[in-house]
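return atomic coordinates for the entry below.
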Amino acid sequence: MSTTDLDEAFFRELFEWLPQPYVWLRPVWNESATEITDFIYVYSNEAGLEYLHLQRAQLGTLLLSQTPSLTEELRPKVFAELLRALQGNETVCVDMFNPVINRYARVFRLPFRGGVMSTIQDKTDEQRAIQELRERTRQLEQSNGDLEEFAYAASHDLQEPLRKITTFSDRLSSELTGQLTPMQEGLLGRLHSSAMRMKGLIDDLLAYSRVGTRKEPFQTVNLDTLLQDVLQDLEGAVQEARAQVRVGPLATLQGDPRQLQQLFQNLLGNALKYRNGDVQPLIEVSGRRLKSGDELHPDDSPGAGDWYLVEVRDNGIGFDMQYAAKIFQVFQRLHGRAEYEGSGVGLAIVQKVAARHGGYVRAQSEPGKGAAFRLLLPIESLSIEVPAT
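This is a model prediction of the structure:
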């Protein structure tokens, strides 16, 4: 037996036991040996035969005319890949789907002993998992969209009957002035209070649904200017609480100004609402760049992009961190209505606005020691210009 035969026998035995499909093809030349016209199957290990649905007796068949596991559309594509690997003396990597065997694969074609060795990595399970994930994501987005549309329509349709309830109860109270017993006056007062609370819930539900349904194109937003507008809107509440509000230099970014104003109004409004007894409220708003490796950076992976952190910190009543996730859920409250007014939608809106801008909102707190709400926004995608410090 020649050395070449021994080498080939060793090679065949080696590849035969490998679990990954390997298929070896050699070129077929025209009569004048000037052009490659086809490729012929020389060898395949057992895994390759099984993957391609070939019998060992079919080795020696031609790629372009005699391969049952390749469609008419795939054969010239595979031929071109083999030709490129052989003539370019390079490894060719391609992803392909073969409808005949209903499999996805990543195929590496590399020059080998005057021909081309193809090694096949089956990607069927991976691709189907990706497709299933995409479909579930699409269904979830559609479901969320439908829910937002329903919430908007339902809350909008509830406005008119609620308006009539408040109008008629006010008229009834006015027309019967002096004729009602204390109990009757109390019942009318409770009716009016319930109607106004319902109006607040509907308004908040509308605001929450509009984050998803009424999106404005992003534009340049100066957060310093935006915070001044928010503080102007909250001027009465700030004066009533005798609060001190400090706002540091903030960035300029691309965003939805109306939604961002709602976000900061909710955060500052919460800081004013949940103040700590007789202690003068102190609210501090600051911003800074977060680089990879910063303990507050949302992504620990190497090469992660920079983020911009806006922190709203107060010295209010705070909360237990076991409820940190709950406070961002719709209609979830940590305190009863008798203690603090509100519907429990404000922080859910904050989270939704942050997500629409590709960001996150996180909370850190301790009972009796205030709270810090941290808005993290991606610098690159929002073109954030961080002021020099």
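
quick one, strands of this structure?
Taking DSSP state E to define them, one finds strands in the chain at 22-29, 36-44, 92-98, 103-112, 115-122, 219-222, 244-247, 252-255, 282-290, 307-314, 360-365, 371-378.

most tightly packed of those strands?
Among the strands of the chain, the stretch with the highest mean neighbour count (mean count of other Cβ atoms under 10 Å) is strand 307-314, at a mean of 23. Quick note: C-beta positions are derived from backbone N, CA and C, even for glycine.

other SSEs contacting that strand?
For strand 307-314, the packing partners by 3 or more Cβ pairs under 8 Å, 6 or more residues apart in numbering; DSSP states H and E come out as helix 257-273, strand 282-290, strand 371-378.

so what touches the shortest one?
Applying Cβ atoms under 8 Å, 6 or more residues apart in numbering, the external contacts of strand 371-378 come out as 253, 263, 267, 270-271, 274, 290, 296, 298, 305, 307-314, 316, 318-319, 350, 354, 357-365, 384.

ok, the first one next?
Among residues not part of helix 257-273, those counted as contacts by Cβ under 8 Å, 6+ apart are 207, 211, 216, 219, 221, 223, 226-227, 229-231, 233-234, 237-238, 241, 243, 245, 281, 283, 285, 312, 314, 316, 340-342, 346-347, 349-350, 353-354, 356-357, 371, 373, 375.

now with 6 Å, please.
In this structure, residues lying in contact with helix 257-273 by Cβ atoms under 6 Å, 6 or more residues apart in numbering are 221, 226, 230, 234, 237, 241, 243, 283, 312, 314, 340, 346, 349-350, 353, 373.

and that helix, average pLDDT?
In this model, helix 257-273 carries a mean pLDDT of 91.

cool, and the second one?
Averaging pLDDT along strand 282-290 yields 92.

for the last one, same thing?
Confidence over strand 371-378, taken as the mean pLDDT, stands at 93.

same deal with stretch 103-120?
90.

ok now that stretch, how far from the chain's centre?
Counting by Cα atoms, centre = their mean, to the nearest Å, stretch 103-120 is centred 37 Å from the centre of its parent chain.

kindly check the end-to-end length of it for me.
This stretch, stretch 103-120, spans 11 Å end to end (Cα to Cα, to the nearest Å).

contact partners of that stretch?
Stretch 103-120 is contacted by residues 21-26, 51, 81-82, 85-86, 89, 91-97, 121-124, 127 when judged by Cβ under 6 Å, 6+ apart.

longest helix of this protein?
In the chain, taking DSSP state H as the definition, the longest helix is helix 124-175.

coming back round to it: now distance to Lys77 too, for the strands of the chain, in TSV please.
Output for these, formatted as TSV (distance: least, Cβ to Cβ, whole Å):
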stretch	distance to Lys77
strand 22-29	14
strand 36-44	13
strand 92-98	8
strand 103-112	11
strand 115-122	13
strand 219-222	46
strand 244-247	61
strand 252-255	42
strand 282-290	47
strand 307-314	43
strand 360-365	44
strand 371-378	39
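
now for these, which one comes closest to Ala388?
Among the strands of the chain, strand 282-290 comes nearest to Ala388, with 10.7 Å by Cβ to Cβ.

which residues does that closest one contact?
Under Cβ under 6 Å, 6+ apart, the answer for strand 282-290 is 244-248, 250-251, 271, 296-297, 306-307, 309-315, 386.
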